[in-house]
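**Q** Sharing a model that was predicted from the sequence below.
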Amino acid sequence: MGEQPIPDAQKSQKEDGLAPGLYVTATPIGHARDITLRALDAMKGCDLIVAEDTRVTSRLLSIHGISKPLSAYNDHNAARERPKLLAKLKNGARIVLVSDAGTPLVSDPGYKLVREALAEGLAVHALPGASAPLVGLALAGLPTDRFFFTGFLSSKQGERRSALEELRDVRATLIFFESAQRLGATLKDMAEIFGNRPAAVARELTKLHEEVRRGDLNDLARGYENETPKGEVTLLVGPPLDVEPDYARAEKLLKEALQFMPVRAAADLVAEALELPRRETYGRALALKTHGED
C-alpha cells in the first residue's frame, strides 16, 4: 500500500483532543469486541495507523467503521520505515502502532520504534488491552505469581532443545508461542527435558473454536503426537516440581567419595550428580569428614 497523506496534525488535535505522539495500541487477539474504548478513540483521532499487516488491520477498522491512513511496519520494512515515522512524530503527528493481534512489541519489531522515539524525546503512550500470553495464563490453571514469556522457539530441533535446556531451571510458569505444525514435536522435547510437569495448550483464544487442554507434558505430547491442531497456539508449562532433596543418598555417596577425594571435590561431585545445593552438600561432606576423623 502506497504512503497516504496525513491530515494537518495541529488542526486534527483541536478537533479530537488527541495529543501528538506514538500510541502503542493493543487490538483483539480474536474476538473483535475485545477492542478498548481508548483504542477506538485513538484510531479515530490519529493521523496514521501503522500495522504489522495492513490487510488484518483493515478488517478490524472496517468492523468498527474507522477510515484512516494505514501503512505497514514489520520485520521486512522496519529499517526503511522507522526513520520516516520518527520524522512524522517530530512534526507533531499522532501515530497508532498495532500488531496483527494483541499487544504490540510482544514478538514483533515495534520495540525498536519505541526505543528510538524515546531516545528522541518523543511522547510514547501505551493503550493496554488483549494479550495472548496473559489470556493463556488466566486459563491454564498454572501458578501465576511468576511467569516467563519466551515467544517462539526455533523451528530447528537442535536449537529448540538447547533453548529448552536453558529454561529448565527457571522457577516460573513458562509461556511460549508455537506453530500448530510443530506442537507435537515441541511437547515431546519439553517432556524429555523438563520432566513430566503440568502444562496447558491454549488454542484459538477468544475465538469461536477456543480450546484449552490441560495435563502433564507426557499426556499432552502423546495426545498431539498424531494430531495437528488448527489456529494460533499459546503453550504454557508449570515451574519445576518441588522435590525433597535425597540427602540420605547424598551422604551414602559422600562417604564413598571421601575415601579417595578431598572434601570440596567430593561435595561438588555429589551435588552435581544429584542436583543438590552445593553449600548444603559441602556442609554435610565436611561433617562426615570431621566425624570420621574423631
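**A** Looks like it came in fine.
**Q** The nearest residue to Pro20 once chain neighbours are set aside: what secondary structure?
**A** Setting aside the residues directly before and after it, Pro20 is nearest to Gly92 in space (CB to CB, 6 or more residues apart in numbering), at 4.5 Å. (C-beta placed from N, C-alpha, C; glycine too.) Under DSSP: H, G, I helix; E, B strand; the rest coil, Gly92 falls in the coil class.
**Q** Look up phi and psi at Gly92.
**A** phi 90, psi 10 (degrees, to the nearest 10).
**Q** cool, the one 5 residues further on as well?
**A** Backbone dihedrals for Leu97, given as degrees, to the nearest 10, come out at phi -110, psi 120.
**Q** What about the residue nearest to Pro20, how many residues nearby?
**A** Under the neighbour criterion other CB atoms under 10 Å, Gly92 is assigned a count of 16.
**Q** can you check Glu81 too?
**A** Neighbour tally, Glu81, other CB under 10 Å: 18.
**Q** Please list all residues in contact with it.
**A** Val50, Ser71, Ala72, Tyr73 (CB atoms under 8 Å, 6 or more residues apart in numbering).
**Q** Including secondary structure, could those go into TSV?
**A** Shown next, in TSV, are the contacts of Glu81 (three-state DSSP):
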residue	secondary structure
Val50	strand
Ser71	strand
Ala72	strand
Tyr73	coil
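**Q** Distance check, the residue nearest to Pro20 against Gly141.
**A** Going from Gly92 to Gly141 by CB to CB, to the nearest Å gives 48 Å.
**Q** Going by distance to Arg249, which of the contacts of Glu81 wins?
**A** Tyr73 (56.9 Å; CB to CB).
**Q** For that closest one, give me its contacts.
**A** So Tyr73 contacts Val50, Ala51, Glu52, Glu81, Arg82, Leu85, Leu97, Pro109, Gly110, Leu113 (CB under 8 Å, 6+ apart).
**Q** Please determine how far the fourth one is located from Val96.
**A** With distances taken as CB to CB, Glu81 is found 15 Å from Val96.
**Q** And for the last one?
**A** Applying CB to CB, one obtains 12 Å for the distance of Leu113 from Val96.
**Q** Name the residue in the two with the higher neighbour count.
**A** Val96 (27 against 24).
**Q** so who does that one touch?
**A** Tyr23, Thr25, Ala42, Met43, Cys46, Leu48, Ile49, Val50, Lys68.
**Q** cool, and Thr234?
**A** Applying CB under 8 Å, 6+ apart, we find Thr234 in contact with Ala132, Pro133, Val135, Gly136, Ile175, Phe176, Phe177, Glu178, Val201, Ala202, Arg203, Leu205.
**Q** I'd like the residues you listed written out as a markdown table, with distance to Gly30 added.
**A** Formatted as a markdown table, these follow (distance: CB to CB, whole Å):
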| residue | distance to Gly30 |
| --- | --- |
| Ala132 | 9 |
| Pro133 | 14 |
| Val135 | 9 |
| Gly136 | 12 |
| Ile175 | 17 |
| Phe176 | 18 |
| Phe177 | 14 |
| Glu178 | 17 |
| Val201 | 16 |
| Ala202 | 11 |
| Arg203 | 11 |
| Leu205 | 6 |
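**Q** Tell me where this protein is predicted with low confidence.
**A** By pLDDT under 70, the low-scoring segments of the chain are 1-16, 243-244, 292-294.
**Q** Look through it and tell me its longest helix.
**A** In the chain, taking DSSP state H as the definition, the longest helix is helix 278-293.
**Q** now Tyr73: how far from Leu220?
**A** 36 Å.
**Q** now do Thr144
**A** Distance from Thr144 to Leu220, by CB to CB: 20 Å.
**Q** Among the two, which residue is more densely surrounded?
**A** Neighbour comparison, Thr144 and Leu220: the larger count goes to Leu220, with 24 against 12 (by other CB under 10 Å).
**Q** Pull the host helix or strand of the more buried one out as PDB, backbone CA atoms only.
**A** For Leu220, the element it lies in under DSSP states H and E is helix 217-223. Once non-C-alpha atoms are left out, helix 217-223 reads as follows in PDB (Å, rounded to 0.1, in the frame of the first residue of the first chain):
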ATOM      1  CA  LEU A 217       3.600 -32.900  29.400                       C
ATOM      2  CA  ASN A 218       3.800 -36.600  28.700                       C
ATOM      3  CA  ASP A 219       0.000 -36.800  28.300                       C
ATOM      4  CA  LEU A 220      -0.200 -33.800  26.100                       C
ATOM      5  CA  ALA A 221       2.800 -35.000  24.000                       C
ATOM      6  CA  ARG A 222       1.000 -38.300  23.400                       C
ATOM      7  CA  GLY A 223      -2.300 -36.500  22.600                       C
END
